[in-house]
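*Asks:* next come a sequence and a model predicted from it.
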Amino acid sequence: MLQLDDVSVRYGTEVALDRVGLHLPDGQVLAVLGPSGCGKSTLLRAVAGLEPLTTGSLSFDGADLRRVPTHRRGFALMFQDGQLFASKSVAQNIGYPLRLRRRAKAATTARVEELLDLVGLGGYGARRPETLSGGERQRVALARALAVEPRLLLLDEPLSALDAALRERLALDLRRIITASGTTTLMVTHDHEEAFAIADRMALMRDGRVVQEGEPAQVWANPVDAETALFLGYDRVLEGVAARTVLGAAGLAGEGPVALRRSALEVAADGPLEAVVRSSRAAPEVVRLVVEIPSVGEIAAVATTSEVAPGPGLKVRLRVVGDRLAVIGKNATAGLVP
């Protein structure tokens, strides 16, 4: 198990990590998530041994790592651009760390073939990196990182260089590959959908601190504060009368604040909320509306495409879809810092 206790990293007066506490059980995937500059990359580099700790402790399986150099930690680091050798074939790229360790040629060849099959690139060994797609190159980089069976795999924004459609497909493949290899993995990313697809647990960072951690579905359903909710992809956060109005329509007690997805309010003939449509735009599978609700104001809503799309100025009734909202702070698991 990877364990961080009260870990801080400072550069002079600048605080990059502030008393971070995290643990990663054996065989699990932990995604550290946050916007640029939040400290997640510094955290990854500190675990790799590339950044010295200012305070705190870092251990793996109970052994203190603070004075263990990077090359003796038994970890593998995969960067977002893969950093493949253009002059080497796919098989040579994957086998490179094994040759550095003077593994027997037959054992290296067998391990490379095993990894090519694992990442879905069987038969690609003789190809050059420039002949591969972006997703294929990332698979090769992942295979190379797994070649020496690391105790811990460190992924630095592994899919950020890919387009959105490929990123979504490869995220599921990445989850399958890591699970099949049984490798304990720490990943940093700014993409919450990527974290949801790959990780067993996630930790949200802001300003160098962990503000919330837990299972992805748990964090999504219970954001600790408004800023976290908006980062996770909720569209609006309502407070006061507006929050009470929406919660009451959903049959929920409470004062809020409440975070809403863009599709949390849906046109329904028997809905409890009355609204006036201000704008209407067709989108795949739904019609996206902006409506005005008394005591709430203008807010996003949707109508299904099977219905006649309500135009501007028309009155509609809305229902609240209960699993598309979250009461902020309710049952949230805050970061492991005071």
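*Replies:* Structure's in. What do you need?

*Asks:* what about stretch 256-272, distance to the chain center?
*Replies:* Distance, stretch centre to chain centre, for stretch 256-272: 26 Å (Cα atoms, centre = their mean, to the nearest Å).

*Asks:* how about stretch 291-306?
*Replies:* 29 Å.

*Asks:* buried set for that stretch?
*Replies:* For stretch 291-306, a neighbour-count test (16 or more other Cβ atoms under 10 Å) marks 291, 293, 296, 299, 300, 301, 302, 303 as buried. Quick note: C-beta positions are derived from backbone N, CA and C, even for glycine.

*Asks:* out of these, which is nearest to residue 280?
*Replies:* residue 303 (8.0 Å; Cβ to Cβ).

*Asks:* thinking again about what came up before, how about CSV for the buried residues of stretch 291-306, with distance to residue 166, pLDDT and secondary structure added?
*Replies:* Shown next, in CSV, are the buried residues of stretch 291-306 (distance: Cβ to Cβ, whole Å; pLDDT from 0 to 100; DSSP: H, G, I helix; E, B strand; the rest coil):
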residue, distance to residue 166, pLDDT, secondary structure
291, 35, 97, strand
293, 39, 97, strand
296, 39, 95, coil
299, 33, 97, strand
300, 28, 96, strand
301, 32, 96, strand
302, 27, 95, strand
303, 31, 93, strand
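
*Asks:* in CSV: these, plus distance to residue 17.
*Replies:* Formatted as CSV, the buried residues of stretch 291-306 follow (distance: Cβ to Cβ, whole Å):
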residue, distance to residue 17
291, 43
293, 43
296, 40
299, 38
300, 36
301, 41
302, 41
303, 46
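
*Asks:* quick check, nearest of the residues you listed to residue 57?
*Replies:* Nearest member of the buried residues of stretch 291-306 to residue 57, counting by Cβ to Cβ, is residue 300, at 45.9 Å.

*Asks:* ok, what's across the strand from that closest one?
*Replies:* Beta-bridge pairing for residue 300 (DSSP bridges): residue 290.

*Asks:* any weak-confidence spans in the stretch 201-338 of the chain?
*Replies:* 305-308, 331-338 (pLDDT under 70).

*Asks:* run the last query once more with 90
*Replies:* 252-256, 282-286, 304-311, 323, 329-338 (pLDDT under 90).

*Asks:* that older thread, farthest-separated two in the buried residues of stretch 291-306?
*Replies:* 296 and 303 (17.5 Å).

*Asks:* how about residue 86, secondary structure?
*Replies:* In three-state terms, and counting by DSSP: H, G, I helix; E, B strand; the rest coil, residue 86 is coil.

*Asks:* that one contacts residue 137, doesn't it?
*Replies:* No: applying Cβ atoms under 8 Å, one finds residue 86 not in contact with residue 137, separated by 10.5 Å.

*Asks:* so for these two, which residue has more residues nearby?
*Replies:* residue 137 (21 against 8; other Cβ atoms under 10 Å).
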